[in-house]
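Colleague: sequence first, predicted model second:
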Amino acid sequence: MKDKRTALLESGLRLFVENGFHATPTSQIAREAGVATGTLFHYFKTKEDLINSIYIENKDLLIKALKMDLEEQMTVKSKLRKLFFNFVYWALDYTCELQFFNQFSNSPFIDQLTKEQGMERFSFVFEIVKNGQETDVLKDLPADLLFDVAQGVLNGFVLNLLANRDRVNDLNFLENGFSLYWDCIKG
């Protein structure tokens, strides 16, 4: 059996995605997790604390997936290619988490400190970008802009894949997706 905290995080994630923040009462989260409402407040002081915890916990899961086999890549392009495909496959496996990020990453329900902690976890990506700019492989633009542009293309690509699941096994389509991503940021 899952521990109570994990059960609360999982039910909160699913219910926030399905119903939104305001339409998800803590009593429903607790009920779906199979615990008493008071138990939720033992682990999380407020509903806002719960949603911020969901955000950070899922950022950590995403970061773990992004880093898979990344150190074995030798060039900036191969590292970014690995990040691209790691994100694509993570998003296909964790669609609820992806929906959560798309829905709540810029919402006022995630506090500024939590957003900053989430972005700190991407420091290794910014190091790759910085290295790519120093070696003239990537465009000489602010790193945060390149990150946002690349993330926008990546999110758009993944949303298209989710809407067209028949393309998931089309290696040519996947490679063209990476080419689109790469063309946006290469120097």
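Modeller: It's in. Numbers count the residues shown, from 1 in each chain.
Colleague: so for Met1, what pLDDT did the model give?
Modeller: pLDDT recorded at Met1 is 49.
Colleague: how about Asn176?
Modeller: 96.
Colleague: for it, which three-state class applies?
Modeller: At Asn176 the chain is in helix, as set by DSSP: H, G, I helix; E, B strand; the rest coil.
Colleague: just Pro108 next, same as before
Modeller: Strictly by three-state DSSP, Pro108 counts as coil.
Colleague: number of nearby residues for it?
Modeller: 9 (other Cβ atoms under 10 Å). (Each C-beta comes from the backbone N, C-alpha and C, glycine too.)
Colleague: what does Leu80 give?
Modeller: Neighbours of Leu80 using other Cβ under 10 Å come to 24.
Colleague: in a helix, it, correct?
Modeller: Yes - with three-state DSSP as the criterion, Leu80 is part of a helix.
Colleague: residues contacting it?
Modeller: Listed by Cβ atoms under 8 Å, 6 or more residues apart in numbering, the contact set of Leu80 reads 128, 132, 150, 181-182, 185.
Colleague: just put those in TSV and tack on pLDDT, distance to Asp170 and neighbour count.
Modeller: Below are the contacts of Leu80 laid out as TSV (pLDDT from 0 to 100; distance: Cβ to Cβ, whole Å; neighbours: other Cβ atoms under 10 Å):
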residue	pLDDT	distance to Asp170	neighbour count
Ile128	95	27	19
Gly132	95	28	22
Ala150	91	22	21
Tyr181	96	16	24
Trp182	97	18	16
Ile185	95	23	22
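Colleague: and the pLDDT for the residue lying closest to Lys79 once chain neighbours are set aside?
Modeller: In this structure, Lys79 finds its nearest non-sequential neighbour in Gln73, 4.4 Å apart by Cβ to Cβ, 6 or more residues apart in numbering. pLDDT recorded at Gln73 is 97.
Colleague: go ahead and confirm Gln73 touches Phe84.
Modeller: No - judged on Cβ atoms under 8 Å, Gln73 makes no contact with Phe84 at a distance of 11.4 Å.
Colleague: which one's more surrounded, those two?
Modeller: Phe84 (22 against 15).
Colleague: what strand or helix carries the more buried one?
Modeller: Take DSSP states H and E as the rule and Phe84 turns out to sit in helix 76-93.
Colleague: give me the mean pLDDT for that helix.
Modeller: 97.
Colleague: buried residues of it, list them for me.
Modeller: 76-77, 79-88, 90-91 (16 or more other Cβ atoms under 10 Å).
Colleague: closest one to Ala7 out of the contacts of Leu80, please.
Modeller: Checking those against Ala7 by Cβ to Cβ gives Ala150 as the nearest, at 34.8 Å.
Colleague: list the contacts for the closest residue to Val137 other than its chain neighbours?
Modeller: Nearest non-adjacent residue to Val137, counting by Cβ to Cβ, 6+ apart: Val76, 4.6 Å away. By Cβ under 8 Å, 6+ apart, Val76 lies in contact with 128, 131-132, 135, 137-138.
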